[in-house]
Structure formats: structure tokens, C-alpha cells
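Participant: sequence first, then the predicted structure:
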Amino acid sequence: MACGRTRLYVARHGELTTSHEWRYVGHSDVDLNPAGVAQIERLARRLRGEPIDVLVCSDLRRTLHSARLIGDVLDLRPQPDRAFRELHLGRWEGLTREEIIARFPDEFEARVRDIAAYRIEGGESFEDLQRRVVARLEEVLDGHAGKNILLVAHGGVNRVILCRALGLPLANLARIDQAYGCLNIIDYFDGTPVVRLLNETPEPP
């Protein structure tokens, strides 16, 4: 990575149409609900004064919708990237926690025991997710060295980025909260990360 500081703003999409049911959506292409739109509008106002040069996002509907709302305020066009999609949940996609426990009790317990390495059938582990996301993130950082980058992504994606930046084992990822519409800031100095802001959620005006 080139010398100097590269700043990464990492945001999470807003609340979803499925949020009232707490479904595991993963790669399922659900959209924002009205509350989620309002959360992202507040985040866009928060970011208005920031000198952001590049806007990257996951290509799923909820993140692309969020990025477009922010981009309209910042006068930036989102660059959707499949590599920043949420964790693929395989045969758990679209199910609630209660449905997963009822249908796959042994698998659920195995994942609780090893949240980092357990791979859901047909899906990914968090270790898989971190490899996928970090490999692409390093390319983005290198390609925009010295600039300010906004990534609009997902709870799982943000957590694996933050774990890497903080030097935390992935087993601790659930200890990092990522609220809907939140903002994190990481500065990279010659590739060394410094976390400046964690899980800020802009308040209503």
C-alpha cells in the first residue's frame, strides 16, 4: 500500500422489510423499510461534510439502495461490488432463529460452539467471509491510496473488517455491535489500521 493515510468509512445499510421477524437474510435480496430509509437519510446528512472521494457498496438491494441515498447527498455514484455481500447462509437463508433451531438443532449448536469456522451447508463460515471481504478491500484501498473511501455494507461484513483492523479473533465478532445505519471510521497508515470511530448512529434532527 502506498505511503500516507487512507481513510475508510464503513457504514451498515438501514433496517429491512424483514427486520420485524429477525430472519437470517444473508444473500437474500430484501430492501429497506421506511424506518431504514430514514436511518440512511440521517447518515447521509452526517456524511455531508466529510471529504469522501469514492463510494463502494455491496451489490445487494438493501446496500445499493442505501448507497444511492447517500450518493445523492454526496454527489457520488455508488460502485456495487459482489465481494462485499453479506455472509452466505446456505440452507438457513430466509429462516428465523426459531425455525433454524427447530429444523437444524445440531448444526445450530455446532455453529454456536465455533462461530468463526463453522460453515453452514451450502453457505459460508465467517472465516470464508473475512477472506473474501479482506482480499477485495485491500485491492480497493490500494487502488485509492491516500483518498477517503465510503463502503456501505452489512453487519457481518463490517464486523470481519473491524476484527481484522482491531486484531481480534473472529470468535469475538459478535461483541462488536453494528446497528442499522451506523458509521465506523478506520484510518490506514501504510497499511496499518487505526480505528477512529465505532458504531456511531446519527440521531434524528
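Facilitator: Nice, thanks for sending it over.
Participant: ok, the residue nearest to residue 68 when sequence neighbours are not counted - contacts?
Facilitator: Leaving aside its chain neighbours, residue 68 sits nearest to residue 78 (5.9 Å; criterion: CB to CB, 6 or more residues apart in numbering). Bear in mind the C-beta positions are built from the backbone N, C-alpha and C, glycine included. Residues near residue 78 by CB atoms under 8 Å, 6 or more residues apart in numbering: 55-57, 64, 67-68, 70-71, 152.
Participant: what about residue 78, distance to residue 39?
Facilitator: 17 Å (CB to CB, to the nearest Å).
Participant: just residue 92 next, same as before
Facilitator: 26 Å.
Participant: go on, residue 85?
Facilitator: 20 Å.
Participant: for residue 52, same thing?
Facilitator: Taken as CB to CB, the span from residue 52 to residue 39 is 18 Å.
Participant: quick one: the residue nearest to residue 68 from residue 27, how far?
Facilitator: Distance of residue 78 to residue 27, given as CB to CB: 19 Å.
Participant: again, but for residue 100
Facilitator: 16 Å.
Participant: residue 47 too?
Facilitator: Taking CB to CB, one finds residue 47 at 27 Å from residue 27.
Participant: cool, residue 187 as well?
Facilitator: Relative to residue 27, and taking CB to CB, residue 187 is found at 31 Å.
Participant: mind listing what the spatially most central residue of the chain touches?
Facilitator: Nearest to the geometric centre of the chain sits residue 154, at 2.7 Å (CA atoms, centre = their mean). Residue 154 makes contact with 12-13, 58, 60, 62-63, 84-87, according to CB under 8 Å, 6+ apart.
Participant: C-terminal to the helix or strand encompassing residue 131, what's the next element?
Facilitator: For residue 131, the element it lies in under DSSP states H and E is helix 126-143. With elements assigned by DSSP H and E, the helix or strand that comes after helix 126-143 is strand 148-153.
Participant: between helix 126-143 and that next one, find me the angle.
Facilitator: 150 degrees (axes from the mean of the first three to the mean of the last three CA atoms, to 10 degrees).
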